[in-house]
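>>> After the sequence you'll find the predicted model.
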Amino acid sequence: MKIIFIFLFVFFPISLFGAAFLIYNQDVKANSMGMAVSASIDNSSAVFYNPAILPDLKGFGFLAGDIIAYPRMTYEDQLTGEKYVTKTGSHYIPHLYMKYTKDRFSAGLGIFSPFGLSTQWPNHWVGRYNIVFAQIKTTFINPVVAYRINDRISLGGGISYVGSSVAFKNALKLSPLPDGVSRLSGDGEGIGYNGAILIRLPEDIALSLTYRSPVKIKYRGRANLYLPAPLAPVSTGAWTTLTLPFMFVTGISKKIGNLVFEADILYTGWSSMSNYEISSDNGMADGFFYKNWRNSPSIALGISYSTEKTIEFMGGYMFDKTPIPKKTLGPELPDSTRHIFTSGITYKKGDYRLNIGYQATFFNDTRSYMKGMEGKYTGFAHLLMIGMEFGK
């Protein structure tokens, strides 16, 4: 019976697989405009944000960049008042896009990572039996095609191959023996698709509708338990199937001379993470986990201004509502509603552009009522961005 209890603790942190930390930051310029770009983005990252825009971008285009995140989260224990801080580290969000347009037809390819952060708490913190370290990495490979039907309407879409890997570490309470340590790693893959439409209205107004499908990912991993004497190490395989959420985005942009304004609404289908099951090779890690995550909206506002010469300035704001109820909010990824402020600058030289940006993310203070981990989470994150692009 004790071994079954241990295995349930080992696999509990798998909740990070579908954590509500969709990283919509998939291009430096787009990020600098508060990610409000689905109707106006003018570079190859349209592969991600709205492939229907690609026919407006003539010839060959290429873009590569990296966004570096520095998150810091704090947990305050409700009973003792003691505070614990995650270990600060850099998290990289690389992306690469290319496209080619001839006449009314476009083709493009994107490689990006919309789930790629990690959380690391001190080894001896109060929540160490839930989680010490958790990491998820994903790679989306997304070819797309697009076609401009007429002067008003363009359509686009594609298919995504998604590869994912995870790693977890937590302590095992084995009183009166010293704590043990569990480590879990696993891999999974899935297929999704995306579609989009761009409608060009009079007076330089554009309307966009985009959809990115859910992605069902089948994970298989291995848990290794490092136990103090006289207990022997234990290892077993386990698997689960999780569904990453759909994303629906609609946006409207307006161009006035060298100014572009845009407002977007992003709706994410996090109810796909309402619950999940775990199975194992020997049956000891089988379990059912109730999360009750909810679909959530985000609102983004962006602006850009191009000078007559070589400089473009961008700024933006996003209100990003968390889908995680307080009763299931845990330390594997202590999410809360966020206020995101962004800025950036583009330097243009011929067909080349250098993009630099910055983002400040303020997490609302939030109290968790998760059993055994009642307390308050606070957080802040810096994001630094740099990218290069080529295009007409």
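Received the coordinates, thanks.

>>> Show me the strands in the stretch 1-150 of the chain, by range?
Shown for the stretch 1-150 of the chain, the strands assigned by DSSP state E, counting those that start in this stretch span residues 59-77, 83-85, 91-102, 105-112, 118-120, 133-148.

>>> now those strands as TSV including mean pLDDT and mean neighbour count?
Every residue, glycine included, has its C-beta placed from N, CA and C. What follows is those, written out as TSV (pLDDT from 0 to 100; neighbours: other C-beta atoms under 10 Å):
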stretch	mean pLDDT	mean neighbour count
strand 59-77	92	18
strand 83-85	93	15
strand 91-102	93	19
strand 105-112	97	21
strand 118-120	85	20
strand 133-148	92	20
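
>>> Reformat those as JSON lines; add distance to Arg183.
JSON lines is the format used below for the strands of the stretch 1-150 of the chain (distance: least, C-beta to C-beta, whole Å):
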{"stretch": "strand 59-77", "distance to Arg183": "22"}
{"stretch": "strand 83-85", "distance to Arg183": "21"}
{"stretch": "strand 91-102", "distance to Arg183": "20"}
{"stretch": "strand 105-112", "distance to Arg183": "28"}
{"stretch": "strand 118-120", "distance to Arg183": "14"}
{"stretch": "strand 133-148", "distance to Arg183": "9"}
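
>>> mind listing what Ile217 touches?
By C-beta atoms under 8 Å, 6 or more residues apart in numbering, the contact set of Ile217 is Phe17, Val162, Ser164, Gly188, Glu189, Gly190, Thr241, Leu242, Thr243, Leu244.

>>> Narrow these to those that are buried.
For the contacts of Ile217, a neighbour count by 16 or more other C-beta atoms under 10 Å gives the buried set as Phe17, Val162, Ser164, Gly188, Glu189, Gly190, Leu242, Thr243, Leu244.

>>> Can you give me the buried ones in stretch 155-170?
Within stretch 155-170, the residues scored as buried using 16+ other C-beta under 10 Å are 155-158, 160, 162, 164-170.

>>> again but with stretch 291-311, I slipped
Residues Lys291, Trp293, Arg294, Ser296, Ser298, Ala300, Leu301, Gly302, Ile303, Ser304, Ser306 are the ones in stretch 291-311 that count as buried (16+ other C-beta under 10 Å).

>>> Any idea which of the residues you listed the model trusts least?
Sorting those by pLDDT puts Lys291 at the bottom of the list (78).

>>> wait, isn't it in contact with Leu329?
No - at 9.9 Å, Lys291 does not count as touching Leu329 under the criterion of C-beta atoms under 8 Å.

>>> what's the distance between Asp66 and Asn31?
Distance of Asp66 to Asn31, computed by C-beta to C-beta, to the nearest Å: 11 Å.

>>> joint contacts of the two?
Jointly contacting Asp66 and Asn31 under the rule C-beta under 8 Å, 6+ apart are Met385.

>>> Next up, the contacts around Asp187.
Neighbouring residues of Asp187 by C-beta under 8 Å, 6+ apart: Gly163, Ser164, Ser165, Val166, Tyr219, Arg220, Gly221.
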